[in-house]
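below: sequence and its predicted model.
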Amino acid sequence: MADDEQPAVTLDAFLAGQSNATSVRIEAGDDARLLLPHLGQLALIEVSFPSFRDGRGYSAARVLREGGYRGELRAAGDVLVDQVPLMRRCGFDSFAPEAEIDAATLAASLARYEQVYQPAADGRVPVWKLRHG
Amino acid sequence: MKLLTGNDLPSGDVIWWTGSGWSRHVEESVDVTDQGEAIARAEEGARHVNAAYVIDATATPEGPRPAHIKDRVRALGPTVRPDLTLKPADPAAGDWVI
Amino acid sequence: MYKYDNYDQAIVDARVEEFRDQVKRRLAGQITEDQFKPLRLMNGLYLQLHAYMLRVAVPYGTLDGRQMRMLGHIARKYDRGYGHFTTRQNIQYNWIKLDEAPDILADLASVEMHAIQTSGNCIRNISSDQYAGAAADEVADPRPWAELLRQWSTFHPEFSYLPRKFKIAVIAADEDRAAMRLHDIGIQLVTRDGKLGGKVFVGGGMGRTPMIAPEIKDFIGAEDLLSYVEACLRVYNRYGRRDNIYKARIKILVHQIGADEYRRQVEEEFALVKKLGIDPPLAELERITAMFAPPAFEAGAPQGVDRSDPDFAVWLDQNVKPHKQRGYAIVNISLKPVGGIPGDASADQIDLMADLAERYSFDELRVTHAQNIVLPHVRQADLHAVWQALNEAGLAEANLDLISDIIACPGLDYCSLANARSIPVAQKIATRFASPERQRDLGELKLKISGCINACGHHHAGHIGILGVDKKGTENYQLLLGGSGAEDVSLGKITGPGFDEDGIVDAIERVTDKYLATREQGERFLDTYRRVGFEPFKEAIYG
């Protein structure tokens, strides 16, 4: 889970020229691709989940990881334990949920699926690769 | 009148607030006046009911009759399978719904 | 058909345990209904009018006798002795208890079945042609592609919280038996220069705003398929509307930005996604395809059927279709007995169909989007025996594609979304037109009824469609004419003011009378309607 650190600037502010910022927050409707030219200077990108039903952040995360982002990628907001495994697959590695998540339930959820059907941003090997090498 | 209805959480059965608890029979439901929302929240919190909501109904000699056909279907069962309703032996039950 | 390997089985087993844990937490109050609802929907569990309803997946409508028998077992053990086959080739049970749902999923997993993603804002069951592997007109069996898509879409981490549900259909013939153009993504397998590929349509759908999917890609090879659909979904996930559930399907996005712009965005995304290694090697499709090899047909199986039993002959002519293999036939089992509930089958009937599949159809059955069942590979020599068994079980109604072969959603008798009851209307129409001679004279007439705007009864695609609405607290029925879900796809047009339950049956009779008075040689109702237009029929209905 996330530690306290400097507040992230908004995407608009970052792009407008706060070029010394190292952390950015993107809202659900923001275009994550706009950050791709700047990934090298970022240590933290926080992606907002205003409602756990709003799945745009999953695409934002993959776009950033696929674009080469290696820093901390945080899911913030309405993040529930049952979504965390999917978020991990999409490349999130830290979480700032509004409501506390039970650690034991989370550990069980993360360990539950040994196999995955499709490659994503977490490097897990999809079943078809295990079948055919 | 206003009735409070919902579903039993583990079984999914349609249930009606009786004033002191929940019944599967709409005849036993009571007028919740303007207390429905408050009762619903408390009863949902205690997991005595799931997805509770308040409906309009009229008082009749046979008991409260929900105003909307959807809730009458919920109260009795599917009109096309009388054998699966709460009153399989009652030939007039379907008319009460419709 | 596809058989699970250890990986597939492990995934389904893990899903059962995950859901068991989620149910336990819900019953203990550790998660609210609001938090639990998307999780149970992703396992096909609705809270409906009478109880929980469970929708079990039948991938691309294909199952074997053992699986069918399990569906009968579930109906008996956990439900009230019957199941309902749906317009997406699945099966639904209406009287499920939440605390038994994990055990049901465990039973299903024991026969390679599940209820994964049969509801929720995620990618749903991949549907296909019910005659796949048996029809002479297909370029290839579409189901291996459907299976590839099924695995790719299962627990897809990026696309589990889409703006809305997402439905994909795959066919492989010019004749569209799966309403492919009315899906979010429709794929038609075609060959080009000897290579098999897919023509991709995106943005079809029914519901409040029916639309026919435009072609987005004229040819995608198997080696690029998953990257391409990944790109299609990513554009939708990022840009589909989330402010209004009636404007959230991909058809709205494609219509709003235009097919050309949508295509451009997909190609842009595809170019990036293609580099990610999402596409399996062709060996994976070959592995799957091998499981769909034709069954061991008897070479030189005798052609020709003894038609001397007149009732059998009627059923033969109406419900049995030609098979690509000499000496075989495709059997359609109608689940629309006149006066019965469309699409419902009792546990005993389900068991019988399982038995017949094992004995007479190489252990395979199909569920059709018209809520009927198919035995795809029956020897012509066995047709009479099959018919006799069906007849004894009340499964031999000879009405395939006739007016009493009605597609009807469960409607207000079962569904909390409905505005009106649909099943009684279907029963009244079927009863009015019960005469087999009258039905055959009317010929092909696809009548479809939805109890609300969500259109689960596909009323927009009916030659005659009926939409149930709530008119000031009473049930009312709108009439539509001229829809089609086949390759001649079109959307039905509302005729005018609606009717009550008896009025709609009378209105339909005025429509069919007008057809009979107007038709030319060989014309189906739909052909006559398209030739003479809407006005003469409107005049006949309203006077």
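That came through, no problem.

how about residue 70, nearest residue that isn't a chain neighbour?
Unless you meant another one, I'm taking chain A. Nearest non-adjacent residue to residue A:70, counting by C-beta to C-beta, 6 or more residues apart in numbering or on different chains: residue A:39, 7.8 Å away. C-beta: built from backbone N, CA, C; applies to glycine.

right idea, wrong chain: chain B
Closest to residue B:70 by C-beta to C-beta, 6+ apart is residue C:412, at 6.1 Å.

tell me the SS of the one you found?
helix (DSSP: H, G, I helix; E, B strand; the rest coil).

how about it, what does it touch?
B:69, B:70, B:73, C:49, C:418, C:419, C:420, C:421, C:422, C:451, C:468, C:475 (C-beta atoms under 8 Å, 6 or more residues apart in numbering or on different chains).

gap between it and residue C:470?
9 Å (C-beta to C-beta, to the nearest Å).

show me whatever sits in contact with both of those two.
With C-beta under 8 Å, 6+ apart as the test, residue C:412 and residue C:470 both reach C:419, C:420.

which residues does the closest residue to residue C:168 other than its chain neighbours contact?
When the adjacent residues along the chain are set aside, residue C:168 lies closest to residue C:185, with 4.6 Å between them (C-beta to C-beta, 6+ apart). Going by C-beta under 8 Å, 6+ apart, residue C:185 touches C:166, C:167, C:168, C:169, C:200, C:201, C:202, C:213, C:229, C:232, C:250.

pLDDT wise, what is the third one at?
Residue C:168 is assigned a predicted lDDT (pLDDT) of 98.

surely it and residue C:149 touch.
Yes - the pair residue C:168 / residue C:149 is scored as a contact, 6.0 Å apart, by C-beta atoms under 8 Å.

which of those two has more neighbours?
Of the pair residue C:168 and residue C:149, residue C:168 is the one with more neighbours under other C-beta atoms under 10 Å in any protein chain shown, namely 26 against 22.

tell me the mean pLDDT over the longest helix along chain B?
Using DSSP state H, we find that the single longest helix of chain B is helix B:36-45. Helix B:36-45 shows a mean pLDDT of 97.

same check, this time on stretch A:80-97
Rounded mean pLDDT across stretch A:80-97 is 96.

kindly report the same for stretch C:38-45.
95.

so how far is that stretch from its chain's centroid?
Between the centre of stretch C:38-45 and the centre of its chain there are 19 Å (C-alpha atoms, centre = their mean, to the nearest Å).

helices and strands of chain C: which one bottoms out on pLDDT?
Lowest by mean pLDDT, DSSP states H and E among the helices and strands of chain C is helix C:33-41, with a mean of 94.

show me what that one is in contact with.
With C-beta under 8 Å, 6+ apart, helix C:33-41 has contacts from A:52-53, A:80, A:82, B:44, B:50-51, C:19, C:22-23, C:25-26, C:31, C:46, C:98, C:101, C:119-121, C:161.

and for stretch C:14-24?
With C-beta under 8 Å, 6+ apart, stretch C:14-24 has contacts from A:82, A:105, A:108-109, A:112-115, C:31, C:36, C:39-40, C:43, C:98-99, C:101-102, C:105-106, C:109, C:114, C:116, C:155.

how about that stretch: buried residues?
Buried residues in stretch C:14-24, defined by neighbour count with 16 or more other C-beta atoms under 10 Å in any protein chain shown: C:14, C:15, C:16, C:17, C:18, C:19, C:21, C:22, C:23.

also stretch A:39-54?
Buried, per 16+ other C-beta under 10 Å, within stretch A:39-54: A:42, A:44, A:45, A:46, A:47, A:48, A:49, A:52, A:53, A:54.

and stretch C:455-471, by the same measure?
For stretch C:455-471, by 16+ other C-beta under 10 Å, it's C:455-470.

among the contacts of residue C:185, name the ones in strands.
C:168, C:169, C:200, C:201, C:202 (DSSP state E).

got the contact list for the first one?
What it means is residue C:168. C:123, C:124, C:126, C:127, C:149, C:153, C:183, C:184, C:185, C:186, C:187, C:229.

retrieve the pLDDT associated with the last one.
The predicted structure scores residue C:229 at 98 on the pLDDT scale.

which non-adjacent residue is nearest the residue in the stretch 1-150 of chain C that chain A sits nearest to?
The nearest approach of the stretch 1-150 of chain C to chain A comes at residue C:7, 4.3 Å away (C-beta to the nearest C-beta). Spatial nearest neighbour of residue C:7, excluding adjacent residues (C-beta to C-beta, 6+ apart): residue A:127 at 4.3 Å.

how close does the one you found sit to residue A:112?
When residue A:127 is compared with residue A:112 (using C-beta to C-beta), they lie 15 Å apart.

go on, residue C:51?
From residue C:51 to residue A:112 the distance is 28 Å (C-beta to C-beta).

more crowded one of those two?
residue C:51 (23 against 13).

for the more buried one, give me its contacts.
B:7, B:11, B:12, B:13, B:14, C:94, C:95, C:96, C:97.

what of residue C:100?
With C-beta under 8 Å, 6+ apart, residue C:100 has these contacts: residue C:78.

and the pLDDT for it?
98.

tabulate the buried residues of stretch A:39-54 (JSON lines), appending pLDDT, secondary structure and distance to residue A:90.
Putting the buried residues of stretch A:39-54 into JSON lines (pLDDT from 0 to 100; DSSP: H, G, I helix; E, B strand; the rest coil; distance: C-beta to C-beta, whole Å) gives the following:
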{"residue": "A:42", "pLDDT": "95", "secondary structure": "coil", "distance to residue A:90": "17"}
{"residue": "A:44", "pLDDT": "97", "secondary structure": "strand", "distance to residue A:90": "16"}
{"residue": "A:45", "pLDDT": "97", "secondary structure": "strand", "distance to residue A:90": "13"}
{"residue": "A:46", "pLDDT": "97", "secondary structure": "strand", "distance to residue A:90": "14"}
{"residue": "A:47", "pLDDT": "98", "secondary structure": "strand", "distance to residue A:90": "9"}
{"residue": "A:48", "pLDDT": "97", "secondary structure": "strand", "distance to residue A:90": "14"}
{"residue": "A:49", "pLDDT": "98", "secondary structure": "strand", "distance to residue A:90": "12"}
{"residue": "A:52", "pLDDT": "95", "secondary structure": "coil", "distance to residue A:90": "14"}
{"residue": "A:53", "pLDDT": "95", "secondary structure": "coil", "distance to residue A:90": "16"}
{"residue": "A:54", "pLDDT": "97", "secondary structure": "coil", "distance to residue A:90": "14"}
